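Asker: the following comprises the amino acid sequence and a computationally predicted model.
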2 protein chains.
Amino acid sequence: MKTVILIGAQGKMGKAALTGLGDHKVITASRSGKGTDYQVDITSHESLRALFKNVGAFDAVVNAVGHCEYANFVDMTAEQWELTVQSKMLGQINVVKIGLEYINDRGSFTLISGIHNVKPIPGSIADATTSGAIDTFVQCVANELPRGIRINVVNPTVLEEAWDVYGPMLPGFQPVPGKLVGKAFQRSVDGFINGKVLFVDA
Amino acid sequence: MKTVILIGAQGKMGKAALTGLGDHKVITASRSGKGTDYQVDITSHESLRALFKNVGAFDAVVNAVGHCEYANFVDMTAEQWELTVQSKMLGQINVVKIGLEYINDRGSFTLISGIHNVKPIPGSIADATTSGAIDTFVQCVANELPRGIRINVVNPTVLEEAWDVYGPMLPGFQPVPGKLVGKAFQRSVDGFINGKVLFVDA
């Protein structure tokens, strides 16, 4: 049994991840802190450092959050780009950078991206661009993590559990059950794979 | 003959791009402005807007710049990430966003990334991650550019002209002549391709 920190446990993707982490001791965190063990803001180095210090020893970090702004490219403001880059991209890089100082030997990080970098839709340009950045980051940084530590990223399509909200914007997309996405997180945490983009699509 | 704005004309990559643009009227710009027609800083919306306004009508923008910081991941500071993201990633996105307001119908943008997103080396994590972002951005945003405007990105390996400087850091890499990279820029500017990553590697 591993000790796993799940960031974003209250979101639909966090709940999907949780379905794959049942064999482990899961410590939950979320931006609001409501209904979770800890509060954390991945855009803040200090907030992440406090989380990892307070948890103590842990074997894995699963991040299931990253804020994205949605707009057509010609309408997307510099502020919307900044918000997306600081959270979905640099926020997740922060999780790894600071988490590395505290995680156990042979631990693992699992990040989240999203299918629009390979299946773009109107409005998704910032989501797609930062997902492409994170998929690339994971494949490259895996070569230089110390102490046997691994890193992967789950790149899911839309969840069945979110289809009522997002379905109308996603013509021709097939949602997948959260439990299938949970299995990708499980493969990352429980396996030996490293530097992989785990697409969960249909 | 097209009017082409070449940003970063003084760098080795800009000079490589220029070898492919000989059929056109090329207007040059660089950060310092020394030896070029205009001065421009791609991290500044105002600076880019001034460039495009001052040039007047143009058919293509070729960007051959983007500052990257190099360090091992565990040593790379938040400031180094910011510098790289603001220049190589968001700077190039600025070029397209603001350039779109001024470029002629059926014009084109050609951006620059770099081979380390598919061939990572020690120290290249910020370069690789932002190259992955730009390659993804180009492939996705091509679907939503108006007025028949196209966009591509050239993703080159190291230039023969820079091998004396970078060769020692690139064991097992084969440099390519700047003229070959120039041909990729030419294919983007003179062709009808759109949303493509033009790898120039050996």
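Answerer: Nice, I can see it.

Asker: wait, doesn't A:Ala16 sit right on A:Lys179?
Answerer: Yes - with contact defined as CB atoms under 8 Å, A:Ala16 reaches A:Lys179; the gap is 7.3 Å. Glycine gets a C-beta too; all of them are placed from N, C-alpha and C.

Asker: quick one: which of these two has more around it?
Answerer: Remark: of A:Ala16 and A:Lys179, A:Ala16 carries more neighbours, 28 against 13, as counted by other CB atoms under 10 Å in any protein chain shown.

Asker: how about that one, secondary structure?
Answerer: For A:Ala16, the assignment made with DSSP: H, G, I helix; E, B strand; the rest coil gives helix.

Asker: list the contacts for it?
Answerer: Contacts of A:Ala16 were listed using CB atoms under 8 Å, 6 or more residues apart in numbering or on different chains, and they are A:64, A:156, A:159, A:161, A:178-179, A:181-182, A:185.

Asker: for it, give its distance to A:Gln186.
Answerer: 11 Å (CB to CB, to the nearest Å).

Asker: what about the residue in chain A sticking out farthest from the centre, distance to chain B?
Answerer: Relative to the centre of chain A, the most outlying C-alpha is that of A:Val74, 27.4 Å out, by CA atoms, centre = their mean. Remark: distance between A:Val74 and chain B (CB to the nearest CB, to the nearest Å) = 7 Å.

Asker: number of residues surrounding A:Ala142?
Answerer: For A:Ala142, the count of nearby residues is 18 (other CB under 10 Å).

Asker: thought it was touching A:Asn194?
Answerer: Yes - A:Ala142 is within contact range of A:Asn194, at 4.9 Å (criterion: CB under 8 Å).

Asker: identify the contacts common to these two.
Answerer: Residues touching both A:Ala142 and A:Asn194 (CB under 8 Å, 6+ apart) are A:150-152.

Asker: residues contacting the residue positioned nearest the centre of chain A?
Answerer: For chain A, the residue nearest the mean C-alpha position is A:Ile112 (2.7 Å; CA atoms, centre = their mean). Residues near A:Ile112 by CB under 8 Å, 6+ apart: A:8, A:13, A:63-66, A:92, A:134, A:153-156.

Asker: which one of the residues you listed is nearest chain B?
Answerer: A:Ile134 (8.0 Å; CB to the nearest CB).

Asker: using CSV, write down the CA coordinates of the longest helix along chain A.
Answerer: Secondary structure of chain A per DSSP state H: the longest helix is helix A:125-141. In CSV, the C-alpha atoms belonging to helix A:125-141 read as follows (Å, rounded to 0.1, in the frame of the first residue of the first chain):
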residue,chain,number,x,y,z
ILE,A,125,-6.7,26.7,-28.0
ALA,A,126,-5.3,27.5,-24.5
ASP,A,127,-6.3,24.1,-23.2
ALA,A,128,-4.8,22.4,-26.2
THR,A,129,-1.5,24.4,-26.1
THR,A,130,-0.9,23.8,-22.4
SER,A,131,-1.9,20.1,-22.8
GLY,A,132,0.7,19.8,-25.5
ALA,A,133,3.2,21.5,-23.2
ILE,A,134,2.5,19.1,-20.3
ASP,A,135,2.6,16.0,-22.5
THR,A,136,6.0,17.1,-23.8
PHE,A,137,7.2,18.1,-20.4
VAL,A,138,6.5,14.7,-19.0
GLN,A,139,8.1,12.8,-21.8
CYS,A,140,11.3,14.9,-21.5
VAL,A,141,11.7,15.4,-17.8
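
Asker: how much space separates the residue nearest to the centre of chain A from B:Leu18?
Answerer: Plainly put, A:Ile112 is 41 Å away from B:Leu18 if you go by CB to CB.

Asker: so what pairs up with A:Leu111 in the strands?
Answerer: Judged by DSSP bridges, the bridge partners of A:Leu111 are A:Val153.

Asker: state the distance from it to chain B.
Answerer: Relative to chain B, A:Leu111 is positioned 12 Å away (CB to the nearest CB).

Asker: what's near enough to touch that residue?
Answerer: By CB under 8 Å, 6+ apart, the contact set of A:Leu111 is A:63, A:92, A:95-96, A:134, A:138, A:151-154.

Asker: for it, give its distance to A:Thr130.
Answerer: For A:Leu111, the distance to A:Thr130 (CB to CB) stands at 11 Å.

Asker: give me every residue that touches the closest residue to A:Val200 other than its chain neighbours.
Answerer: Nearest residue to A:Val200, sequence neighbours excluded (CB to CB, 6 or more residues apart in numbering or on different chains): A:Pro156, at 4.3 Å. A:Pro156 makes contact with A:13, A:16, A:112, A:114-115, A:176, A:181, A:184, A:199-201, according to CB under 8 Å, 6+ apart.

Asker: try 10 Å
Answerer: Neighbouring residues of A:Pro156 by CB atoms under 10 Å, 6 or more residues apart in numbering or on different chains: A:13, A:16-17, A:64, A:112-115, A:175-176, A:178, A:180-181, A:184-185, A:198-201.

Asker: please identify which helix or strand holds the nearest residue to A:Leu145 once chain neighbours are set aside.
Answerer: The shortest distance from A:Leu145 to any residue other than its chain neighbours is 6.1 Å, reached at A:Ile151 (CB to CB, 6+ apart). With secondary structure defined by DSSP states H and E, A:Ile151 is part of strand A:150-156.
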